[in-house]
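Trainee: just coords:
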């Protein structure tokens, strides 16, 4: 499970309720072609995706060890979080309907904050899509969900993700220790960005 941002914001009751409603009613199609809410029918495709170490290796909050049961529980947990207005799990499907990636959005409505994690299939990496996809996702989270702060982490050796996050304008704020589902820990680079900073950087 992700940890809340280091910067603490306090949402009003009205803001918190609006964020929870936005999460519950979020339309994955508004994020892009081929996006869908993760369902139990996607478990085999997600399991295949995660069993590729090139995809799952740098990501700490996946349901290790990877089995049908662990991924099923993971999807069910995300479905419950969506109903609570506290998270979204999207899959990206290719032209054949096969799982080609996922996006995991953790939301803290009471803090008007969110975190994004995700990955794409190994054969789709390094094709120039990552940076554009990340920027679109950041914009969507700020605008559609209505949060005022986002935080991100990346493994110390995950240079590709680090470059993409830096290029998007997120502020590095040192490192933080994160805990994997199998009990292991991982040191990560940590970033934050406010909605006002995002709007100023990308829309002016």
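Mentor: Received it, and whenever you're ready, just let me know what you need. Worth saying up front: this structure is predicted, and the values here are computed from it rather than measured.

Trainee: right, and residue 24 touches residue 82 too?
Mentor: Yes. If you go by Cβ atoms under 8 Å, residue 24 and residue 82 touch, sitting 6.5 Å apart. (C-beta placed from N, C-alpha, C; glycine too.)

Trainee: Compare the two (neighbour count), which wins?
Mentor: The neighbour count for residue 24 versus residue 82, taken as other Cβ atoms under 10 Å, is higher for residue 82 (20 against 13).

Trainee: if you skip the residues just before and after it, what's nearest to that one?
Mentor: Counting by Cβ to Cβ, 6 or more residues apart in numbering, residue 82 lies nearest to residue 88, which is 5.7 Å off, once chain neighbours are set aside.

Trainee: go on, residue 103?
Mentor: What sits nearest to residue 103 in space, not counting adjacent residues and going by Cβ to Cβ, 6+ apart, is residue 118, at 4.0 Å.

Trainee: Tell me which residues touch that neighbour, please.
Mentor: Applying Cβ atoms under 8 Å, 6 or more residues apart in numbering, we find residue 118 in contact with 101-104, 137.

Trainee: Of those residues, which is the nearest to residue 187?
Mentor: Taking Cβ to Cβ as the measure, residue 187 lies nearest residue 104 of these, at 20.2 Å.

Trainee: so where does that closest one fall, helix or strand?
Mentor: strand 99-108 (DSSP states H and E).

Trainee: quick one: the helices in the protein?
Mentor: Listed in chain order, the helices of the chain (DSSP state H) span residues 13-24, 43-50, 53-56, 68-83, 129-140, 159-167, 195-203.

Trainee: most packed of those helices?
Mentor: Comparing these by mean neighbour count (mean count of other Cβ atoms under 10 Å), helix 43-50 comes out on top with a mean of 20.

Trainee: contact partners of that one?
Mentor: Here helix 43-50 makes contact (Cβ under 8 Å, 6+ apart) with 38, 55-56, 62-63, 66-68, 71-72, 74-75, 91, 98-102, 119, 121.

Trainee: can you check stretch 174-182 too?
Mentor: Outside stretch 174-182, the residues that touch it by Cβ under 8 Å, 6+ apart are 3, 6, 60-65, 70, 153, 156, 185-190.
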